[in-house]
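Participant: Everything below, folded, please.
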Amino acid sequence: MNQTRRYLFVAVALTTTIVACSRSPQREFERGVAYFKDQNFSNAASCFERALAKATPTAQALNLLGVCQLQEGKTDEAIRSFQQALKLDSGNTPAHYNLALAQLDKNQPDDAIAQLRQVLQSDAAPEDAPYYLGVAYLRASAWGQAEQAFTRQLRSKPDSLVARNDLGIAYTSLHEFAKAKHEFEQCLVANPNFAPAYLNLAVLEHHHLGQKQAALNHYQRYLDLLPKSQLREDVRLIVVQIQQELTMKPKPIEQASAQPAEPPESAKPAPPEPPHTAASPPAATVASMASPKPEPTVVAVATPPPAAAPVASAPKKRVPIASHPLKAGNSAKARPLFNNAAALQKQGKVAAAISLYDKVIATDPSYVDAYYNLGIAYSQLRQPEHAFDNYELALMADPQYTNARFNYALLLQEQGYLDDALKQYEILLQSNPNDSLLQLRVAELYARDRRTLDKARQHYQTYLKLEPNSPAARDIRHWLDQNR
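Facilitator: Numbers count the residues shown, from 1 in each chain. Take a look at the predicted model:
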């Protein structure tokens, strides 16, 4: 179903229900319908506008006008037409549906969700309404609700490749990788030439399953099917990178698991445990997550509307919470609560610890170690947005909190915010230039982009001076020889 047809779906069905006005407006309207059926939307819009100007407007005529405006790329005007139609008839399902599609075009997923929910309450709901509701939920990062919408679509249209492919994307975002892989593979069983599924399957295998050879094959298949894709250069770079990795077989850098900040000794009336002061983030304080390898930043993980080519996604950008001063509270009263929360966290009772840390912060909103430990706790629960917020609050309370910044950078890198992770690592390097691990991570991030290979070389060379006998030294020297 192409874009034109998805808007025509509702509008054509309404051509027999337009309320007749005087003879002249009716004639203009009928001419508009004729142009509309021929997909001459510019002339159709002119006719509908003249008809509406000469007679009392109707919701049906405004809906048709909105469809024409949408086809002409006049999305803002189309939205106004649909909204005017709904002022005249709040129960007009076609206008709700077309307004939602226009809002998706404007990347307003929350507004589109509200319209599509209204549509799905009607017996006249278009058959693709659950699919577009799923798309809106994906854009709003509501992964669970997106999964439910796509599943609903597939119950009525089991052969919908775009719904099955986007269901795979929802499962990927939910970290249900086996289910995601199954959906992408089912797309390819139904249509071995469905390019978006090859790309999304490759991304899944590359980023989450560690199946580099399979990912390489699927990236190459995508390029074979869409040699003129907007993503072709990015995907080719990924292919080259994987080929090099498969040849070099570099040894992974191991990271120790996280430990929350320790409470102070009960016998000491000291303030809460201060930030760790080691020159380098010690292994005992690194967040509990796998050490991610740098990955390309421009990879499609979502499909476009039906029958359209995939659109490149921009590098992910993290928008941190707004900075504001954290008001000091009753630290003496907060300290025993913090001690109990840290003890629960060490016992693996993470949910209970989080509840207690919240009380610590309610008592003293500037209690930096509580934010830091909450960041670790939410990372353990695979709730990265909450972890991000708390690491950002910890750094707001103490910008020099080295371990919080390092864990924040690790989480940014794990979640694909590579440019933001690089920025955090470079801040750490300013005060820790001899930290070999930081030098290596910065080098790896610069190495992902051919435009910053010079910077990657500088940091790799610094790393080799600091760690000449590192297990990774041989592979790094090989990389330097190949990228002079």
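Participant: domain ranges for this protein?
Facilitator: 1-126, 154-251+298-303, 318-482 (automatic domain parsing).
Participant: So for R139, which of the ones you listed sits nearest?
Facilitator: R139 lies closest, by C-beta to C-beta, to one member of the domains of the chain: domain 1-126, at 3.9 Å. Where C-beta positions appear, they are placed from N, C-alpha and C, glycine not excepted.
Participant: can you redo the domains of the chain as CSV with mean pLDDT and distance to A136?
Facilitator: Shown next, in CSV, are those (pLDDT from 0 to 100; distance: least, C-beta to C-beta, whole Å):
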stretch, mean pLDDT, distance to A136
domain 1-126, 80, 4
domain 154-251+298-303, 85, 11
domain 318-482, 87, 19
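Participant: Now tabulate those in TSV and tack on distance to A146 and mean neighbour count.
Facilitator: Below are those laid out as TSV (distance: least, C-beta to C-beta, whole Å; neighbours: other C-beta atoms under 10 Å):
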stretch	distance to A146	mean neighbour count
domain 1-126	10	19
domain 154-251+298-303	4	18
domain 318-482	16	19
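Participant: And those: which comes nearest S141?
Facilitator: With distances scored as C-beta to C-beta, the stretch of these nearest to S141 is domain 154-251+298-303 (7.6 Å).
Participant: which residues does the residue nearest to the spatial centre of the chain contact?
Facilitator: Nearest to the geometric centre of the chain sits S141, at 6.6 Å (C-alpha atoms, centre = their mean). With contact set as C-beta atoms under 8 Å, 6 or more residues apart in numbering, S141 has these partners: S173.
Participant: any idea how far L437 is from it?
Facilitator: Using C-beta to C-beta, to the nearest Å, we find S141 at a distance of 31 Å from L437.
Participant: re earlier: could you give the secondary structure assignment for the residue nearest to the centre of the chain?
Facilitator: Look at S141: counting by DSSP: H, G, I helix; E, B strand; the rest coil, its state is coil.
Participant: Return the backbone torsion pair for it.
Facilitator: Per-residue torsions, S141: phi 60, psi 30 (degrees, to the nearest 10).
Participant: any idea how far Q244 lies from L440?
Facilitator: Going from Q244 to L440 by C-beta to C-beta gives 17 Å.
Participant: quick one: the helices in the stretch 301-450 of the chain?
Facilitator: Using DSSP state H, counting those that start in this stretch, the helices found in the stretch 301-450 of the chain span residues 331-346, 350-363, 368-380, 384-397, 402-414, 418-431, 436-447.
Participant: Mind giving me the packing neighbours of the last one?
Facilitator: If I follow you right, that is helix 436-447. With contacts defined as 3 or more C-beta pairs under 8 Å, 6 or more residues apart in numbering; DSSP states H and E, helix 436-447 has these neighbours: helix 402-414, helix 418-431, helix 453-466.
Participant: what's the distance between the residue nearest to Y171 when sequence neighbours are not counted and D419?
Facilitator: Using C-beta to C-beta, 6 or more residues apart in numbering and skipping the chain neighbours, the partner closest in space to Y171 is A180 (3.7 Å). From A180 across to D419, the span is 25 Å (C-beta to C-beta).
Participant: With R232 instead?
Facilitator: Applying C-beta to C-beta to R232 and D419 gives a distance of 22 Å.
Participant: What of T363?
Facilitator: Plainly put, T363 is 37 Å away from D419 if you go by C-beta to C-beta.
Participant: L161 too?
Facilitator: 33 Å.
Participant: what's the answer for F29, then?
Facilitator: Distance from F29 to D419, by C-beta to C-beta: 53 Å.
Participant: what does L438 give?
Facilitator: Distance from L438 to D419, counting by C-beta to C-beta: 16 Å.
Participant: Can you show me the helices along the stretch 151-300 of the chain?
Facilitator: Along the stretch 151-300 of the chain, counting by DSSP H, counting those that start in this stretch, helices occupy 161-173, 177-190, 195-204, 212-225, 232-248.
Participant: can those go into a markdown table with extra columns for distance to Y401?
Facilitator: A markdown table is the format used below for the helices of the stretch 151-300 of the chain (distance: least, C-beta to C-beta, whole Å):
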| stretch | distance to Y401 |
| --- | --- |
| helix 161-173 | 30 |
| helix 177-190 | 33 |
| helix 195-204 | 34 |
| helix 212-225 | 36 |
| helix 232-248 | 34 |
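Participant: Of all those, which one comes closest to R450?
Facilitator: Of the helices of the stretch 151-300 of the chain, nearest to R450 by C-beta to C-beta is helix 232-248, at 7.1 Å.
Participant: chain center to the closest one, what's the gap?
Facilitator: How far helix 232-248 lies from its chain's middle: 23 Å, per C-alpha atoms, centre = their mean, to the nearest Å.
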